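**Q** Sequence and predicted structure below; questions after.
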Amino acid sequence: MYILYISSLKLKIKLKKQIKSQNKSQNSALLIQVIIIKLDLNQDLKDNVVGKMIERTLVVLKPDAVQRQITGEIISRFEKIGLKIVGLKMIWVSKDFAKNHYKEHLQKPFYGFLEQMITEGPVIAMVLEGIHAVEIVRKIVGPTEPRKAPAGTIRGDYAMHSAEYADANKKAVRNLIHASDNKESAEKEIKLWFSEAELFKYRTVHEQHTF
């Protein structure tokens, strides 16, 4: 009797066999065991490859998004394509925290404008999980400068600032949202913004269709 079942995304095979006849050779039983082990190993390799495609990324809805009260619309865009929120909170960023987050821009002439913008009001920070999450989120968000962001992206649909306009008015570009630009940045930023206790593992009813 062969029993096939699936558990924790891994295909496992249990073989129960009652040998009533002594004509079954030991070699046949060994061959069956070898096939089963090989199947398990192949599935483990497949699960490992698929697992690496499931990523987490940081998204921060900046003070302009919060104050314009469009955070719900923005968040729904990520949820509608199947990205899963595994961490979410509202915080008011301090100047010291801003320096950590924008560390690579500290010596740039526009850093003061960035700090002023990100600390002027509360932000909503969240961690999104999904297939190729970093790339997908960046595609939905659009280019940094709203003026150049295509219609259909968050920045293209909800903002119109340009770098030229921001420079002339001595302010940061109002582009609503921050999203990690690569996997390495995502890992660092998630650790900066969230503790392990603030991140959750769960399944949604949509995952059979979107994952």
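**A** Great, that's in hand.

**Q** Looking at strand pairing, list the partners for the residue most central in space within the chain.
**A** The residue lying closest to the centre of the chain (C-alpha atoms, centre = their mean) is R56, at 2.8 Å. Note on R56: beta-bridge partners by DSSP bridges are E129.

**Q** how near is it to T71?
**A** For R56, the distance to T71 equals 20 Å [C-beta to C-beta, to the nearest Å]. Any C-beta I mention is one placed from the backbone N, CA and C, and that applies to glycine too.

**Q** What residues does the residue nearest to the centre of the chain make contact with?
**A** 86, 127-129, 133, 186, 190, 199 (C-beta atoms under 8 Å, 6 or more residues apart in numbering).

**Q** Ok, A172 next?
**A** 110, 113-114, 116-118, 166.

**Q** Equivalent analysis for I154, please.
**A** Counting by C-beta under 8 Å, 6+ apart, the residues that I154 touches are 74, 77, 140-142, 176-177.

**Q** Could you give the average pLDDT over the helix or strand in which I74 is found?
**A** For I74, the host element (DSSP states H and E) is helix 71-80. The average pLDDT for helix 71-80 rounds to 97.

**Q** Report the buried residues of stretch 196-211.
**A** Within stretch 196-211, no residue is scored as buried using 16 or more other C-beta atoms under 10 Å.

**Q** Mind listing residues that contact it?
**A** So stretch 196-211 is in contact with 54, 56, 81-82, 84, 86-87, 89, 127, 130-131, 190, going by C-beta under 8 Å, 6+ apart.

**Q** Could you identify the pair within these that is furthest apart?
**A** Farthest-apart pair in the contacts of stretch 196-211 is K89 and I131; separation 24.2 Å (C-beta to C-beta).

**Q** These two: which is more packed in?
**A** Higher neighbour count among K89 and I131: I131, with 15 against 12, using other C-beta atoms under 10 Å.

**Q** Would you confirm that the more buried one contacts K52?
**A** No - using C-beta atoms under 8 Å, I131 makes no contact with K52, being 10.5 Å away.

**Q** Distance from stretch 74-87 to the middle of the chain?
**A** Centroid separation for stretch 74-87 versus its chain: 9 Å, with C-alpha atoms, centre = their mean, to the nearest Å.

**Q** who touches that stretch?
**A** Stretch 74-87 is contacted from outside by 56, 59, 61, 65, 124-131, 133, 136-137, 140, 154, 158, 176-177, 190, 194, 198-202, 204, 206-207, 209-211, using C-beta under 8 Å, 6+ apart.

**Q** Show me which positions of that stretch end up buried.
**A** So, applying 16+ other C-beta under 10 Å, buried residues of stretch 74-87: 74-75, 77-78, 82-84, 86-87.

**Q** CSV for those residues, including distance to K148?
**A** What follows is the buried residues of stretch 74-87, written out as CSV (distance: C-beta to C-beta, whole Å):
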residue, distance to K148
I74, 19
I75, 24
R77, 19
F78, 21
G82, 27
L83, 24
K84, 29
V86, 31
G87, 30
